[in-house]
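1. Predicted model and sequence below, questions to follow.
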Amino acid sequence: KLDNHLQEINQKANEMVESLSEQMAAEQGVNEALKAVDPLTWVGRMNNIKAAAEEIVMEELIYS
């Protein structure tokens, strides 16, 4: 029973991180064009976006 609950939370958290990351990337102009022109900048910005999305999800879903 606990295992099922934890799997649900994990799946929901992963979906939220993915969704937030996509939204934040679009808002910040981090797209395939940037990836083609400057891949290192794209990777750095995507890493920052993912970290920020994970923090938001942890605060809203896990710690609340």
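-> Yep, that arrived. Numbering: from 1, shown residues only.

2. Tell me where the chain has helices.
-> Along the chain, counting by DSSP state H, helices occupy 2-28, 32-37, 39-57.

3. give me every residue that touches Ile9.
-> Leu61, Ile62 (Cβ atoms under 8 Å, 6 or more residues apart in numbering). The way it works is simple: take the backbone N, C-alpha and C, and place the C-beta from them, glycine included.

4. and it, how far is that from Asp3?
-> 11 Å (Cβ to Cβ, to the nearest Å).

5. Ala33 now?
-> Using Cβ to Cβ, one gets 43 Å for the distance from Ala33 to Asp3.

6. And these two? Which one has more around it.
-> Higher neighbour count among Ala33 and Asp3: Ala33, with 10 against 7, using other Cβ atoms under 10 Å.

7. how many other residues sit next to Val17?
-> Val17, neighbours per other Cβ under 10 Å, totals 21.

8. Could you measure from it over to Glu54?
-> Val17 is 6 Å from Glu54, by Cβ to Cβ.

9. Glu8 too?
-> Distance, Glu8 to Glu54, by Cβ to Cβ: 18 Å.

10. who has more neighbours, these two?
-> When Glu8 and Glu54 are compared for neighbours, Glu54 comes out ahead with 17 against 10, by other Cβ under 10 Å.

11. show me the contacts for that one.
-> Residues in contact with Glu54, defined by Cβ under 8 Å, 6+ apart, are Val17.

12. so what's it scoring on pLDDT?
-> Per-residue pLDDT puts Glu54 at 97.

13. ditto for the one 3 residues further on
-> pLDDT recorded at Val57 is 96.

14. wait, it sits on Ser19?
-> No - contact between Val57 and Ser19 fails when scored by Cβ atoms under 8 Å: they sit 9.5 Å apart.

15. which of those two has more neighbours?
-> Using other Cβ under 10 Å, the more surrounded residue of Val57 and Ser19 is Val57, with 21 against 12.

16. Setting the sequence-adjacent residues aside, check what's closest to the more buried one.
-> In space, and not counting its chain neighbours, Val57 is closest to Met16: 4.7 Å by Cβ to Cβ, 6 or more residues apart in numbering.

17. give me the number of residues near that neighbour?
-> Neighbour tally, Met16, other Cβ under 10 Å: 17.
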